[in-house]
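S.K.: The following block contains a protein sequence and its predicted model.
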Amino acid sequence: MKEILDAILADDLEAVGSLPVPESYRGVTVHKDEVDMFEGRASRDKDPRESLHVDEVATPELGPGEALIAVMASSINFNTVWTSIFEPVSTFGFLERYGKLNELTRRHDLPYQVIGSDLAGVVLRVGPGVSKWKPGQEVVAHCLSVELEDAAGHDDTMMDPQQRIWGFETNFGGLADLALVKANQLMPKAPHLTWEEAAAPGLVNSTAYRQLVSHNGGNMKQGDTVLIWGASGGLGSYATQYALNGGAIPVCVVSSPEKADIVRSMGAELVIDRSAEGYQFWKDEHEQDPKEWQRFGKRIRELTGGEDIDIVFEHPGRETFGASIYVTKRGGTITTCASTSGYMHTYDNRYLWMSLKRIIGSHFANYRESWEANRLITKGFVHPTLSKVYAMDDVGQAAYDVHRNLHQGKVGVLCLAPDEGLGVRDGALREKHLTEINRFRGV
Ligand code: NAP
């Protein structure tokens, strides 16, 4: 591994393809024999620092259409948290099912899972049949893994019945020194970003693009009012950028004055601090309080000059969904990609059907959408919102921070990269965008 790293650090990328592939590598894992370790504990008390390990694992054999990547940096996503607390289900069930498909997928069904759904790194080897990518190329990987043997996936690859999230529903993820991906997950690394900056946007940036911008999601247009929950968080910090870039009017919801400052520094003007306002959308575990929905809607109108919301960017789920349906404009859209606070949603359906609103389910993004989202990063139209970077050995703490909502934007992890700040290839482009890069990172 040292030879590979030395070649990358010396910019001798052509050499990378001829160096031997190590038989094993360091990876962040969960263990199958530990999936019950948190039984009886509340979700909040399930601690990723106990369940995430850094292990030396065997390098998988490279199959057709695949690529082996030397990973310089990766990032924490909320799916890292879900995997580490074994909720809502253990991810080993995904690996077992995937392993039953064919001989190649059987490699994924192991007593450990190397997790992680983002990476920035260098192509080390490509498998048979790969012509678009070569060893030595600097890449990022999106996390859509598809088989595409069914007709159903050929209009929109997210519709493939064998669609999986790499590093969550598959093994050999990006929180590691090596990663195995399908070649059709690869995209060019932004040349003006460091390794850790380049690894940060991937999953959330693509998800926000589909959910808000794509015709498969909110199909946002200029002038739309967009309610963004968790606007300084992983998804929200990209949704806020898309709303601002696209000429829409974001109404950003956050939970502290510091987070309000972050979204304001991104350019958002309409901000609601949900903690300061003290919204209690649920009276108790079973009943919601429509008066609180109204109070929230009134605040939105005060900010927007009397307008309701065209598109709600939903992901908190159970706690906020009733309010999200209520504050949406007649004919408006609620796009949802998650249920962090609980997936059994209840809402008053009269506000949906009588006002002809639509709920759109959105999940990650297809290759085309991911490519467009990455293109905006490489051109400096969208910026990484990386707030903190950890060494791989501290990955448990990194995931704990995200689990406990102690973080902002994205949290990065160094893999092979020995330090932060490496990997910039286009200094002039970086210089051009330096003010924004620093501002969006909170530097
Ligand atoms: P994140 O970085 O933790 O940000 C989420 C933000 O939502 C939090 O920072 C918090 O912001 C806000 N929030 C959390 N609980 C809330 C609640 N009960 N009420 C109101 N706001 C709440 O996480 P993320 O990366 O954005 O991911 C968010 C969710 O989306 C996770 O469940 C994740 O698994 C899911 N997700 C799904 C996909 C997909 O493809 N389907 C992709 C990415 C993420 P404030 O405290 O500032 O309000």
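M.R.: Yep, it's here. Residues are numbered from 1 along each chain as shown.

S.K.: hmm, stretch 192-207 touching the ligand?
M.R.: Yes. Using Cβ under 6 Å from any ligand atom, stretch 192-207 reaches the ligand at 203-204, 207. Heads up, the C-betas are built off the backbone N, CA and C, glycines and all.

S.K.: How far away from the center of its chain is that stretch?
M.R.: Here the centre of stretch 192-207 is set off from its chain's centre by 9 Å, with Cα atoms, centre = their mean, to the nearest Å.

S.K.: pretty sure residue 236 contacts residue 250?
M.R.: No. Contact criterion Cβ atoms under 8 Å: residue 236 and residue 250 do not qualify, at 9.3 Å.

S.K.: Now do the shared contacts for the two.
M.R.: Shared contacts of residue 236 and residue 250, defined by Cβ atoms under 8 Å, 6 or more residues apart in numbering, comprise residue 228.

S.K.: more crowded one of the two?
M.R.: The neighbour comparison of residue 236 against residue 250 (other Cβ atoms under 10 Å) goes to residue 250, with 29 against 25.

S.K.: Mind telling me what element the closest residue in space to that one that isn't next to it in sequence is part of?
M.R.: Nearest residue to residue 250, sequence neighbours excluded (Cβ to Cβ, 6 or more residues apart in numbering): residue 243, at 3.8 Å. Following DSSP states H and E, one finds residue 243 within helix 234-245.

S.K.: Please name the strands paired to the helix or strand following that helix in the sheet, noting orientation.
M.R.: Per DSSP H and E, the first helix or strand lying C-terminal to helix 234-245 is strand 249-254. Strand 249-254 has the following sheet partners, assigned by DSSP bridges: strand 225-228 (parallel), strand 270-273 (parallel).

S.K.: Same question for the helix or strand just after the last one: list its buried residues.
M.R.: The one in question is strand 270-273. On the C-terminal side of strand 270-273, the closest following helix or strand by DSSP H and E is helix 274-277. By neighbour count with 16 or more other Cβ atoms under 10 Å, helix 274-277 contains the buried residues residue 274.

S.K.: who does helix 274-277 touch, helix- and strand-wise?
M.R.: Counting contacts by 3 or more Cβ pairs under 8 Å, 6 or more residues apart in numbering; DSSP states H and E, helix 274-277 is packed against helix 290-304.

S.K.: Close to the ligand: what parts of the stretch 201-350 of the chain are there?
M.R.: Applying Cβ under 6 Å from any ligand atom, one finds that the stretch 201-350 of the chain approaches the ligand through 203-204, 207, 229-230, 232-236, 253-255, 259, 274, 315-316, 319-320, 337-338, 340-341.

S.K.: can I get the CA coordinates of the helix holding residue 243 in PDB?
M.R.: Extracted as PDB, the C-alpha positions of helix 234-245 are listed here (Å, rounded to 0.1, in the frame of the first residue of the first chain):
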ATOM      1  CA  GLY A 234     -25.700  16.800   5.000                       C
ATOM      2  CA  LEU A 235     -28.600  16.900   2.500                       C
ATOM      3  CA  GLY A 236     -29.900  20.400   3.400                       C
ATOM      4  CA  SER A 237     -26.600  22.200   2.800                       C
ATOM      5  CA  TYR A 238     -26.700  21.100  -0.800                       C
ATOM      6  CA  ALA A 239     -30.500  21.600  -1.200                       C
ATOM      7  CA  THR A 240     -29.900  25.200   0.000                       C
ATOM      8  CA  GLN A 241     -27.200  25.700  -2.600                       C
ATOM      9  CA  TYR A 242     -29.500  24.300  -5.400                       C
ATOM     10  CA  ALA A 243     -32.300  26.600  -4.400                       C
ATOM     11  CA  LEU A 244     -30.100  29.600  -4.400                       C
ATOM     12  CA  ASN A 245     -28.300  28.700  -7.600                       C
END
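
S.K.: Just want the residue of the stretch 301-443 of the chain that's nearest the ligand.
M.R.: Using Cβ to the nearest ligand atom, residue 338 is the residue of the stretch 301-443 of the chain that sits closest to the ligand, at 3.1 Å.

S.K.: so that residue makes contact with residue 317?
M.R.: Yes. Counting by Cβ under 8 Å, residue 317 is a contact partner of residue 338 at 6.3 Å.

S.K.: Break the protein into its domains for me.
M.R.: Listed by automatic domain parsing, the domain ranges of the chain are 2-204+365-440, 218-361.

S.K.: Can I take it that residue 155 is in a strand?
M.R.: No. Counting by DSSP: H, G, I helix; E, B strand; the rest coil, residue 155 falls outside a strand, being coil.

S.K.: okay, now it: neighbour count?
M.R.: By other Cβ under 10 Å, 9 other residues sit near residue 155.

S.K.: likewise residue 182?
M.R.: If you count neighbours by other Cβ under 10 Å, residue 182 ends up with 22.

S.K.: got it, and residue 188?
M.R.: Residues near residue 188, counting by other Cβ under 10 Å, number 16.

S.K.: Repeat that for residue 430.
M.R.: When neighbours are counted by other Cβ under 10 Å, residue 430 registers 18.

S.K.: how close does the residue of the chain most remote from its centre sit to residue 326?
M.R.: Ranked by distance from the centre of the chain (Cα atoms, centre = their mean), the top residue is residue 354, with 34.3 Å. Residue 354 sits 12 Å away from residue 326, going by Cβ to Cβ, to the nearest Å.

S.K.: Residue 349 too?
M.R.: Residue 349 is 11 Å from residue 326, where distance means Cβ to Cβ.

S.K.: how about the strands in the stretch 51-200 of the chain?
M.R.: Assigned by DSSP state E, counting those that start in this stretch, the stretch 51-200 of the chain shows strands spanning 53-58, 66-76, 112-114, 120-126, 138-141, 144-145, 164-165, 178-182, 186-188.

S.K.: most tightly surrounded among those strands?
M.R.: Comparing those by mean neighbour count (mean count of other Cβ atoms under 10 Å), strand 66-76 comes out on top with a mean of 28.

S.K.: tilt between that strand and strand 120-126?
M.R.: Following axes from the mean of the first three to the mean of the last three Cα atoms, to 10 degrees, one obtains 160 degrees for the angle between strand 66-76 and strand 120-126.

S.K.: Please see if strand 66-76 touches the ligand.
M.R.: No. Using Cβ under 6 Å from any ligand atom, strand 66-76 stays clear of the ligand, coming no nearer than 8.7 Å.

S.K.: May I have the strands that pair with that strand, each with its orientation?
M.R.: Applying DSSP bridges, one finds strand 66-76 paired with strand 120-126 (antiparallel), strand 178-182 (antiparallel), strand 410-414 (antiparallel).

S.K.: Let me see the backbone angles for the residue nearest to residue 183 when sequence neighbours are not counted.
M.R.: Nearest non-adjacent residue to residue 183, counting by Cβ to Cβ, 6+ apart: residue 130, 4.4 Å away. Residue 130 has phi and psi values of phi -90, psi 120 when expressed as degrees, to the nearest 10.
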